[in-house]
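> Structure for the following, please:
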Amino acid sequence: MQLLVSAGRDSVISRLDPRVKILWLIGNAVFTIWCLSPGLVAWNFFIVLFTIRLAGISLRDLLPFLKIMAVIGIQLILLQGLLRTQGSPVFHLGPATFYSEGLLLGAMGVLTLTTLSLLFLQFIMCTTPEEMALMIVKCRLPASSAVLVGLALRFLPLLERDLREIYESQESRGIALTTTWQKAKGIVTVILPLILRTLRRAHEVSLTMELKGFRLHGTRTFLEDLSFRRTDWLAAAAIGGYLVLVTTVNLQVYKISF
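Model (predicted):
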């Protein structure tokens, strides 16, 4: 799947300053973890999907990821429904009984995990490595760290390509990896080759950078610079207002619950 290289670079969200996008990522991630109500968890999930679509990212590109999360999520929900015996019994599967409170808790956990993953994917797909490097420099961190972060982001499409090639090579050896369920079960057979490829490529890149004197100079210059525009200020204000609103609602739910 071409997740990390298919972002809509011409959308309004993609053109925002990366500091605005990191505000949305961190603020909404904190709220997602802190959500106390199933309604708020579901609301936040659909808001993230809406902003992903607003960023010009096709939901079809996210379908493979959502399928994998569904396979893992169903197992987690059933496990919670089996182990957490509070609430009323919902259904029986042989000798096992699944309870309502456990199923609800499992569903909230899976939805929270999916929302956090989508937030991270949205940020990665809407932010170029150059923007990430410039943002780190603006935060007064060493320029070498900024370059390394940008370089790491450039590795993600390569890792995706390597993973696809490993899946194809395993299929050519007779291992069934066609469906999403088969790929989820066969992840163990591909993870070791992927790690070895990644370590080899990282070693080659680090050696090349050392030969070019990467740490020879303490400061570095960049062709571009970051500056807040009017749309960035408006977007930051809108994000701040939204986070204050949902936090207030969450506090009211907390007071009612306790």
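
> Enumerate every residue touching residue 241.
The neighbourhood of residue 241, defined by CB atoms under 8 Å, 6 or more residues apart in numbering, contains no residues. C-betas here are computed from N, CA, C, even on glycine.

> That one and residue 227: what is the separation?
Shown here: residue 241 relative to residue 227, a distance of 23 Å by CB to CB, to the nearest Å.

> ditto for residue 116
Here residue 116 is placed at a distance of 30 Å from residue 227 (CB to CB).

> ok, those two, which is more surrounded?
residue 116 (16 against 8; other CB atoms under 10 Å).

> Give the buried residues for the strand or helix carrying the more buried one.
Per DSSP states H and E: residue 116 is located in helix 100-126. By neighbour count on 16 or more other CB atoms under 10 Å, the buried set for helix 100-126 is 102-108, 110-112, 114-119, 121-126.

> I'd like the next helix or strand past the helix or strand harbouring residue 30.
Take DSSP H and E as the rule and residue 30 turns out to sit in helix 18-34. Note on helix 18-34: by DSSP H and E, the next helix or strand toward the C-terminus is helix 38-54.

> average pLDDT across that next one?
Averaging pLDDT along helix 38-54 gives 89.

> Give the other helices and strands that it contacts.
If you count contacts as 3 or more CB pairs under 8 Å, 6 or more residues apart in numbering; DSSP states H and E, helix 38-54 packs onto helix 18-34, helix 100-126, helix 230-257.

> From the contact counts, what lies against the helix or strand following that helix?
Counting by DSSP H and E, the next helix or strand C-terminal to helix 38-54 is helix 63-83. Packing partners of helix 63-83 (3+ CB pairs under 8 Å, 6+ apart): strand 96-99, helix 100-126, helix 180-185.

> at 10 Å instead, please
Helix 63-83 is packed against strand 89-93, strand 96-99, helix 100-126, helix 180-185, with contacts defined by 3 or more CB pairs under 10 Å, 6 or more residues apart in numbering; DSSP states H and E.

> Which one of these lies nearest to residue 231?
helix 100-126 (14.3 Å; CB to CB).

> just checking, what packs against that closest one?
Using 3+ CB pairs under 10 Å, 6+ apart, helix 100-126 sits against helix 18-34, helix 38-54, helix 63-83, strand 89-93, helix 143-172.

> quick check: angle from the shortest one to helix 63-83?
Using axes from the mean of the first three to the mean of the last three CA atoms, to 10 degrees, the direction of strand 89-93 lies 100 degrees away from that of helix 63-83.

> who touches the spatially closest residue to residue 15 that is not a sequence neighbour in this structure?
Nearest residue to residue 15 in three dimensions, chain neighbours excluded: residue 231, at 7.7 Å (CB to CB, 6 or more residues apart in numbering). Counting by CB atoms under 10 Å, 6 or more residues apart in numbering, residue 231 touches 12, 15, 16, 17, 20.

> try residue 84
98, 99, 100, 101, 102, 103, 104, 105, 106.

> Around the first one, how many other residues sit close by?
Residues contacting residue 98 under the criterion other CB under 10 Å number 22.

> Show me what it is bridged to.
Residue 98 forms beta bridges with residue 91, as assigned by DSSP bridges.

> The nearest residue to residue 23 once chain neighbours are set aside: what's it in contact with?
Excluding the flanking residues, the one nearest residue 23 by CB to CB, 6+ apart is residue 239, at 5.6 Å. By CB under 10 Å, 6+ apart, the contact list for residue 239 reads 16, 20, 21, 23, 24, 27, 28, 51.
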